[in-house]
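In: what would the 3D arrangement of this be:
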Amino acid sequence: MTPRLRQDAIVRTLRRTGTSTVDALAAEVGASRRTVLRDICALRDEGFVIHSETGRGGGLQLDPQSVQRAARLSVAEVFALLISVAAMRAAGGLPFSGLADAGLAKIERSLPGDKLRDLRRMLDCLYVGTLSPLQDLSDLGAMDPALLPAFEPAFLECRPLRFRYRDAKGNETLREVEPQAMLILPPLWYLVSWDPARGDFRHFRMDRISAPEVTDGPTFRRRRVRFEDDVCPYADLPR
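Out: Purely as a prediction, here's the structure:
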C-alpha cells in the first residue's frame, strides 16, 4: 500500500470509528506503529486536525470539520473530474453543468499554486470534438485504470510512454511514443502521440491501450498537433 492510500485508509477509519489507537490503525493498514505515526504527522501537516489522548480510553480522534477543509486531491484526480465533465458536455449529457462547473472551480481554488499550474498544463493538452455517427463502436472496451496516472509525468515532464496496443484486427504490438494531446470524441478517447519509429503522429484509442508505463528515456519536445475545425481545445469550451 502506498503512503497516499495508507493515509486515506487511516482517515476513513478515524471517520468511521471516531476514536482509534495507533496499534489498531497499524493492524488496519498493515503497517508498523512507526509508519502510522509518520502518516499521522503527514496528515496533520496537510491540515487534518487529529487529537491524541493518552491513558485508558484514550487514542486518536479526527476533527470532522478538518476533513472538509483539507482537499487531498492530486492533479491526476482533479484532471479526471474535469475531463469527465468535458466529455459529458460534448456528448450533450450534462444537465447540471452550472453546478458542476461551480464545484470544480472550488476544487481548483483549493489546489496549491504548483499543482494548479500542473493542472493548467495538462488541460492545455486536452481537445474535445464530436464522433462521426459512422464510427463502429461494437468493440468498445474499458480503459486501463493505470493510464491516467501515467499521463501526469508523461505530459508534465515530457517523458516517453510505453504500452501494449491492440489494433482493430486484434493484433498487439509494443509501442513507445511521445504523448502530445488527449482527444475526446465521446464515447471514444484517443491518445495523440508523436511516434518516433514512424516519424509521424498517431492516434491511439485509449480502450485498446494496456500496461502503460513512463520510461526513463530522454525527454521530448512539444509538437503542434493539427486538428480538424470541429475539434477545439478544452480551454475554448464554456466552463
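
In: which secondary structure element of this structure has the lowest mean pLDDT?
Out: helix 64-69 (a mean of 63; mean pLDDT, DSSP states H and E).

In: immediately after it, which helix or strand?
Out: As assigned by DSSP states H and E, the chain's next helix or strand after helix 64-69 is helix 75-90.

In: what's that following helix packed up against?
Out: helix 97-110, helix 113-123, strand 126-128, helix 147-156, strand 172-185 (3 or more Cβ pairs under 8 Å, 6 or more residues apart in numbering; DSSP states H and E). All C-beta atoms are positioned from the backbone trio N, CA, C, and that covers glycine.

In: quick one, which of the ones you listed is nearest to Val29?
Out: Closest of the helices and strands packed on helix 75-90 to Val29 is helix 147-156, at 20.7 Å (criterion: Cβ to Cβ).

In: which other residues reach the closest one?
Out: 74-76, 79-80, 118, 121-122, 125, 159-161, 179, 182, 206, 209, 212-214 (Cβ atoms under 8 Å, 6 or more residues apart in numbering).

In: secondary structure element for Arg34, which one?
Out: helix 33-45.

In: neighbouring contacts of that helix?
Out: So helix 33-45 is contacted by 3, 6-7, 10-11, 22-23, 25-26, 29, 31, 50, 60 (Cβ under 8 Å, 6+ apart).

In: and stretch 129-141, by the same measure?
Out: 90, 168, 183-188, 207-208, 227-228, 230-232.

In: per-residue confidence at the residue nearest the centre of the chain?
Out: Nearest to the mean C-alpha position of the chain, counting by Cα atoms, centre = their mean, stands Ala76 at 2.6 Å. Per-residue confidence (pLDDT) for Ala76: 79.

In: buried ones in the helix or strand that contains Ser52, by neighbour count?
Out: Of the helices and strands defined by DSSP H and E, Ser52 is found in strand 50-53. Going by neighbour count (16 or more other Cβ atoms under 10 Å), the buried part of strand 50-53 is Ile50.

In: after that strand, which helix or strand is next?
Out: Remark: after strand 50-53, the chain's next helix or strand is strand 59-62, criterion DSSP H and E.

In: run the chain-centre distance for stretch 194-201.
Out: Between the centre of stretch 194-201 and the centre of its host chain there is 26 Å, according to Cα atoms, centre = their mean, to the nearest Å.

In: average pLDDT across that stretch?
Out: 94.

In: what's the domain layout of this structure?
Out: 3-69, 82-236 (automatic domain parsing).

In: can you list the weak-confidence ranges in the chain?
Out: Along the chain, the parts satisfying pLDDT under 70 run over 55-58, 66-72, 89-94, 97, 235-239.

In: Phe163 looks like it's in a strand, true?
Out: Yes. Using DSSP: H, G, I helix; E, B strand; the rest coil, the assignment for Phe163 is a strand.

In: let me know the closest of the contacts of helix 33-45 to Asp200.
Out: Taking Cβ to Cβ as the measure, Asp200 lies nearest Pro3 of the contacts of helix 33-45, at 40.8 Å.

In: how near is the residue nearest to the closest one when sequence neighbours are not counted to Lys169?
Out: In this structure, Pro3 finds its nearest non-sequential neighbour in Asp39, 6.8 Å apart by Cβ to Cβ, 6 or more residues apart in numbering. Relative to Lys169, Asp39 is positioned 48 Å away (Cβ to Cβ, to the nearest Å).

In: those two: which has the busier surroundings?
Out: Per other Cβ atoms under 10 Å, whichever of Asp39 and Lys169 has more neighbours is Asp39, with 23 against 5.

In: quick one: classify Glu213 as helix, strand or coil.
Out: Relying on three-state DSSP, one would call Glu213 strand.

In: neighbours of the residue lying closest to it once chain neighbours are set aside, just the number please.
Out: Spatial nearest neighbour of Glu213, excluding adjacent residues (Cβ to Cβ, 6+ apart): Arg162 at 5.4 Å. Using other Cβ under 10 Å, the number of residues around Arg162 comes to 16.
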